[in-house]
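1. next one to model:
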Amino acid sequence: MLSYIARRLISTIPVLFGMATITFLLMYVVPGDPVLNMVGERASEETIRNLREELGLDRPIYVRYGRYLWRIVHLDLGRSYYTNCEVSRELVKKFPNTLKLALSAMIIASFLGLMLGVLSSIKKGTWIDYLIMFFAALGISTPVFWLGLLLMLIFSIYLKVLPSSGMGEGLSYLILPAFTLATRSIAFIARITRSSMLEVLGQDYIRTARAKGLKENAVIFKHALKNALIPVVTLIGLDFGSYLSGSVLTETIFGWPGLGRYAVMEGIMKRDLPVVMGTVLFGAFVFVLVNLVVDILYRFLDPRIEYE
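-> Residues are numbered from 1 along each chain as shown. Purely as a prediction, here's the structure:
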């Protein structure tokens, strides 16, 4: 097990290197000049030239790329062009907010998705099954930004029972963004759970358990659901990893001060290259790490799985 974990951690190095390279190249080929964004178009040529030299943007791209990789090797993500704050410190400050939102959304999605999927599988072919699958398809196809604005309109503007944006001390600030973020995951988890449960319920050992007179709840939740969880855990891991990497749309819509909003408002909108590249690299590392944890969980769900 330990050797497997070590190999997986080592294998993340080329992944992170690839992400760093792609992000660096994309940020330097897209239109726009971060220096002009900072000083404005009316600034003198001397001011622009001095700032460009100060930020190191006057050097050839291969020199900047080399310095960028050298900093990453030393765990230095650079400093923001605008605030001169270390990007790594800003990420550490924003990450707990994203973690809070991600955990809340994942708990909602996992519970509702599993329960709806199980209910749909045991009620296969009934109106309950069709209704759940209809709403699952609706949840998958509904754009996140549209759903977020709709929920904000209903619960914040018309009913005035929940805050529309920001992050306060109470849980009320968390409800709308967490549910918005969880909706698509609920739909996917419900569909995957239903499909996996139907496959497991058709197995011989399930028929044997029923023939022995076990209660239906024991058959469903003790025997069937446990063996149907592996594809569901895979999906939950992927979604949770993407949540932790920064849920850009949800955090931006609701003004949630997490990694996604930080990357957009402080990075992309201002063309603050260290912020964008640092956030992407940090998000990629978190995503890979979460998937490693999911792989380890497989062993506990199914002892037959061996790691080579």
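2. state the number of residues packed around residue 163.
-> Residue 163 has 19 neighbours, counted by other CB atoms under 10 Å. C-beta here means a position set from N, CA and C on the backbone, and glycine is covered the same way.
3. one more: residue 58?
-> 14.
4. can you confirm it is in a strand?
-> No. Applying DSSP: H, G, I helix; E, B strand; the rest coil, one finds residue 58 to be coil, outside a strand.
5. now residue 36. Nearest residue, chain neighbours left out?
-> In space, and not counting its chain neighbours, residue 36 is closest to residue 48: 7.1 Å by CB to CB, 6 or more residues apart in numbering.
6. what residues are up against residue 144?
-> Residues in contact with residue 144 (CB atoms under 8 Å, 6 or more residues apart in numbering) are 180, 181, 183, 184, 249, 250, 253.
7. one more pass at 7 Å, please.
-> By CB atoms under 7 Å, 6 or more residues apart in numbering, the contact list for residue 144 reads 180, 184, 249, 250.
8. the helix or strand that contains the second one - contacts with which helices or strands?
-> Take DSSP states H and E as the rule and residue 184 turns out to sit in helix 172-201. Taking 3 or more CB pairs under 7 Å, 6 or more residues apart in numbering; DSSP states H and E as contact, the helices and strands that helix 172-201 lies on are helix 87-122, helix 127-141, helix 144-152, helix 225-244, helix 248-253.
9. where does the stretch 101-250 of the chain have low pLDDT?
-> For the stretch 101-250 of the chain, the stretches with pLDDT under 70 are 246.
10. now the angle from the helix holding residue 184 to helix 127-141?
-> 120 degrees (axes from the mean of the first three to the mean of the last three CA atoms, to 10 degrees).
11. right, and the helix or strand after the helix or strand the residue nearest to residue 36 falls within?
-> In this structure, residue 48 sits in helix 45-55 according to DSSP H and E. Helices and strands here follow DSSP H and E; after helix 45-55, the next one along the chain is helix 61-73.
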